[in-house]
Structures are given as structure tokens and as C-alpha cells.
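Visitor: Provided below are the primary sequence and the corresponding predicted coordinates.
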Amino acid sequence: NQGCAPARMGYSNGTQANSYEYPGAGVPGAFLDSNNSSGLIHRSENSLIDGRYVYFVRNGAPATGGTISGKVFARDLGHPMPGAPVQICGAPGCYTAETNDIGEFVIRGLEPADYNFRVFPGNDAALIPREFGPFTMTQDGAITGLEFVLQAAQVPPIDTTITSRGTSGQIPVLYWNEELTLRTTGCPGGSATYQVLQNGNLLKSGGMSEDPAGQYTGKVQPLAPAHGQGNVHIEITCPGGPPQVKDFNVYIDPSGWVRTVEGALIVGARVTLYRSDTANGVYDIVPNQSAIMSPMNRTNPDYTDGDGHFGWDVIAGFYKVRAEKPGCASPEDSGQEYVETEALEIPPPVFDLDLRLACGEDALPPVQGDIDCNRLVEAFDALQVLYFAAGFTVTQLGACPQMGLPTAGTQADEPVVVGDVDCDGDIDADDAVAILRGAAGKPLTDLPTGCHAVGQ
């Protein structure tokens, strides 16, 4: 109103030394909604929600001190990236911001410490997150003019594969506790080596054997505790020619799991991610395709895969995960049709999250190759198939469907004939072999449309 003093915003613990005033305080019109550049509703502090301002009080003192600012770009310095979440973490804690319409960010109230950045792409899911730093903040210092460029992911060459749980944007998703097999082709008679790196740091390396000529194979030991973005570098020294080099990105996934109380993996459970700026704040569902999540998985809610696992890579904050499936309930409260974690602070990352549901038999669809219905695919199941193929009567356990009869599939409504694992219309030794391959973690992949792989 005319004659009134301009609005001010800030905080203090009662002393001038421990006080802070937000930029624009005392400036006429600075905080109005109509001011797109500095209106309070258009900005945030330590929050990814416009209009929300979060300040941390540590050791009885409000946050005052240093400022870090800069810009985020897509692919090169000519393309500023709006809506990119920015995370900065150091010994005092983590702070978050989001770039504005021209790619700028600013984080205030930083205590003296070394800080590392992690930057997620905005709505360009072809780019990959990157880490930068450390940057040293002095008392009441200012670090300005930072420029962070996010690059597009490199996909594996067509002649190169690595054990994965699938792909996201053609980038292999690797389970961090699994031994991996890396294969490529190159010049015959050469010598091949590989490296798995993360932010320039070597995680694993080794040689690759040649058999047959021109085809190279290497074993990569589990990558845990490393997680997140990584890259694979292969170099083949060729006789009488230049070396052949291949590079591509991977995502190392620590994953979470949804199981029954008894420990059986649950396929197709609905999992939902919630986020809050503070541990005791309001937890809101992370919007589907939100940049808060890495491009490796921006689906929320999501569903557990054929191995009962799920996972997201997220910016700093407090999170909860809810899991549910029709016919299941909380083991502690049968009237609650879901289970939910306690508040999880990120970072540090949460590894191998294990959510348990109490489920009736109807909630757990049959598993291909699990002849005796114990939710496991093992040699005993293959033996049952061989008995049946030889003309013997097979006595099923419990209420399992009889061998040779159709039952509902797990991923579609097409009927699955119990025992006909390769879906060729016959129950024979080939099906027993397929079960043994599945039990060894090498299920058939060249199956007819609608045929479920062993274990699914």
C-alpha cells in the first residue's frame, strides 16, 4: 500500500551477528508475485518447490555465511538448462536448488567447508547426472561464475554387451552385487583389457580372453559399494594396427526389493516414492517424470520387475517408499494394504531396501519353471519335467497347477502351460535344460511372443 515500507524477509536468533536478510528485502516490489525474477512465489531456498524456503539451524545458530552460484548447461555453453536440480553436500550437510529459466542457481547460508556438487538434468532425459568439486567455501565467502555442462550418455557399441537388468535409454543398468560378463568384438589375435570407472576413479579392471578369434570376454567382479553413473572403457591392442577403443556409460543399481513375509520375491508390486525437504515435514508423491529422479528411472509410481526389484536415483532430501499389491497387506496391520519405510535421508544412499508384505496365494502369480510352487526355480523342478516327459506321473505339491495344464501368466493374460518352458507345445528335455539355465541365472532370451522367461 502507498506509504507502507517495502517488505523484508529474513531471520535471526536475536543477535545481529547471527541474522540473515533475503536479497530484495526493502526493495519496493521485489517480493511480489508479479515480479517474475525475484517474487517469492517464483523462487525457493533449500527446496525444489517454488515458494518454499527452508533454513537450517545448527548449534543454536541460523544459517548465515557463504554463497555459491553458477549456471548449468546442456551439452555445451550455448544451451542453458532450466529446471535442473542442483545438490551440494559437505560436512555441514546438504543443500538443494533448481536452476531458473536461464539455467542459473544460487545457494546461500553455507558454512566454511569443502562442498561437492551433483547436478541432475532437467527435462532432457538423454543427458546424465554429473558430479563436480570439491569447492572450498571460506567464512562468509562467495563462489560465483560456476559453469556445469551435462553431456549426453554414450550407449554401448552394437557389438558390445554387458550383463544387465535391462536398459534405460539404451544405457545398461547393472546390479551392484552381481558378477558381470563383458563381451565385445575386435581385431583377431589382439590383446584386450577393460576398465570400469566412476567420476574418473577406477572401480574394476582386468583382461579379456579371446575365444573364438576376434571375440573377447571379460569377467567383472561386483561393483558394490559403488553406485550411480559409471562408464566402461575397452581397449584392444591389434597386431600390426592401431588400438581399438570402445567407451560407453552404465548405471550401477543398488536396488530395493519387495518380498513376502516368507521371503518370496513379489513381481508387479506397486512402489511409490515420496519426498520431503525435512525429516518431519510433509511427504508428497514425487511427480512422475520429475527431474528429482535420475533419467535412469523417472517413473513414479513404478512396479517391481521380474526379479521383484525396484530403484530410483534421487537428489538430496528425505524420502519414503510405499509398496502395495492387491491381495497383500502390512504384516503388522491386516487392514493396511501397503507397507511404508521410515524417513530415509539421501545422501547417504540406501542400499538393498527390503520391503515385506503379507500376501495371500492369489496375490502371487505363478513363476515360470517353478513346478513345485515353492517360488524358487531349481534342479528339482527340472527333474519333475524329465519325469513327466518320460511318461511318469508327477505328484505336485500343495495346490500347484498340474503339469501340462494351462495357468495364468505373470506379465500378460496369455496361458502358460506348466512345464512347457520354451513354449514350443511339448514338454521334453529342452524344458528341463531351460529350467537349469534359469536356475543358473542364464534364462533363454529368444522366446516366442507371450512366452515368459524362467523365473517370471
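Guide: Arrived safely, thanks for sending.
Visitor: What about residue 262, how many residues nearby?
Guide: Number of residues near residue 262 (other C-beta atoms under 10 Å) recorded here: 10. Every C-beta, even on glycine, is put in place using the N, C-alpha and C of the backbone.
Visitor: what do you get for residue 194?
Guide: Neighbours of residue 194 (other C-beta under 10 Å): 22.
Visitor: so it bridges to which residues?
Guide: Listed by DSSP bridges, the beta-bridge partners for residue 194 are residue 206, residue 234.
Visitor: so what's it up against?
Guide: Going by C-beta atoms under 8 Å, 6 or more residues apart in numbering, residue 194 touches 182, 205-208, 218, 220, 232-235.
Visitor: Export the residues you listed to JSON lines and append columns for neighbour count and pLDDT.
Guide: Putting the contacts of residue 194 into JSON lines (neighbours: other C-beta atoms under 10 Å; pLDDT from 0 to 100) gives the following:
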{"residue": "182", "neighbour count": "22", "pLDDT": "95"}
{"residue": "205", "neighbour count": "13", "pLDDT": "96"}
{"residue": "206", "neighbour count": "14", "pLDDT": "96"}
{"residue": "207", "neighbour count": "12", "pLDDT": "97"}
{"residue": "208", "neighbour count": "21", "pLDDT": "97"}
{"residue": "218", "neighbour count": "20", "pLDDT": "95"}
{"residue": "220", "neighbour count": "21", "pLDDT": "95"}
{"residue": "232", "neighbour count": "25", "pLDDT": "97"}
{"residue": "233", "neighbour count": "15", "pLDDT": "97"}
{"residue": "234", "neighbour count": "22", "pLDDT": "97"}
{"residue": "235", "neighbour count": "17", "pLDDT": "97"}
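Visitor: Kindly reformat those as JSON lines and extend each row with distance to residue 447.
Guide: Putting the contacts of residue 194 into JSON lines (distance: C-beta to C-beta, whole Å) gives the following:
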{"residue": "182", "distance to residue 447": "24"}
{"residue": "205", "distance to residue 447": "35"}
{"residue": "206", "distance to residue 447": "32"}
{"residue": "207", "distance to residue 447": "34"}
{"residue": "208", "distance to residue 447": "29"}
{"residue": "218", "distance to residue 447": "27"}
{"residue": "220", "distance to residue 447": "27"}
{"residue": "232", "distance to residue 447": "28"}
{"residue": "233", "distance to residue 447": "33"}
{"residue": "234", "distance to residue 447": "30"}
{"residue": "235", "distance to residue 447": "35"}
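Visitor: Relative to residue 143, which of those residues is nearest.
Guide: residue 233 (31.9 Å; C-beta to C-beta).
Visitor: what sits against the closest residue to the closest one other than its chain neighbours?
Guide: Of all residues not flanking residue 233 in the chain, residue 195 sits nearest, at 4.5 Å (C-beta to C-beta, 6 or more residues apart in numbering). Residue 195 sits next to 202, 204-205, 232-233 when contact means C-beta under 8 Å, 6+ apart.
Visitor: what's across from residue 98 in the sheet?
Guide: residue 85.
Visitor: Same check on residue 309?
Guide: Counting by DSSP bridges, residue 309 is bridged to residue 257.
Visitor: how far does stretch 307-315 stretch from start to finish?
Guide: For stretch 307-315, the first-to-last residue distance is 26 Å (C-alpha to C-alpha, to the nearest Å).
Visitor: Quick check: buried residues in that stretch?
Guide: 308-315 (16 or more other C-beta atoms under 10 Å).
Visitor: which residues does residue 256 contact?
Guide: Neighbour list for residue 256: 271, 309-311, 321, 350, 352-355 [criterion: C-beta under 8 Å, 6+ apart].
Visitor: Mind doing that once more with 7 Å?
Guide: Contact analysis of residue 256 by C-beta atoms under 7 Å, 6 or more residues apart in numbering lists 309-311, 321, 352-353, 355.
Visitor: same check, this time on residue 426
Guide: Here residue 426 is in contact with residue 420 (C-beta under 7 Å, 6+ apart).
Visitor: how close does it get to residue 262?
Guide: Computed as C-beta to C-beta, to the nearest Å, the residue 426 to residue 262 distance reads 33 Å.
Visitor: again with residue 325
Guide: According to C-beta to C-beta, residue 325 and residue 262 sit 15 Å apart.
Visitor: how much space is there between the residue nearest to residue 246 when sequence neighbours are not counted and residue 175?
Guide: Closest residue to residue 246 apart from its sequence neighbours, by C-beta to C-beta, 6+ apart: residue 234 at 4.3 Å. Remark: distance between residue 234 and residue 175 (C-beta to C-beta) = 20 Å.
Visitor: ditto for residue 144
Guide: 41 Å.
Visitor: the more surrounded of those two?
Guide: Counted by other C-beta under 10 Å, residue 144 and residue 175 do not tie: residue 175 has more neighbours, with 20 against 9.
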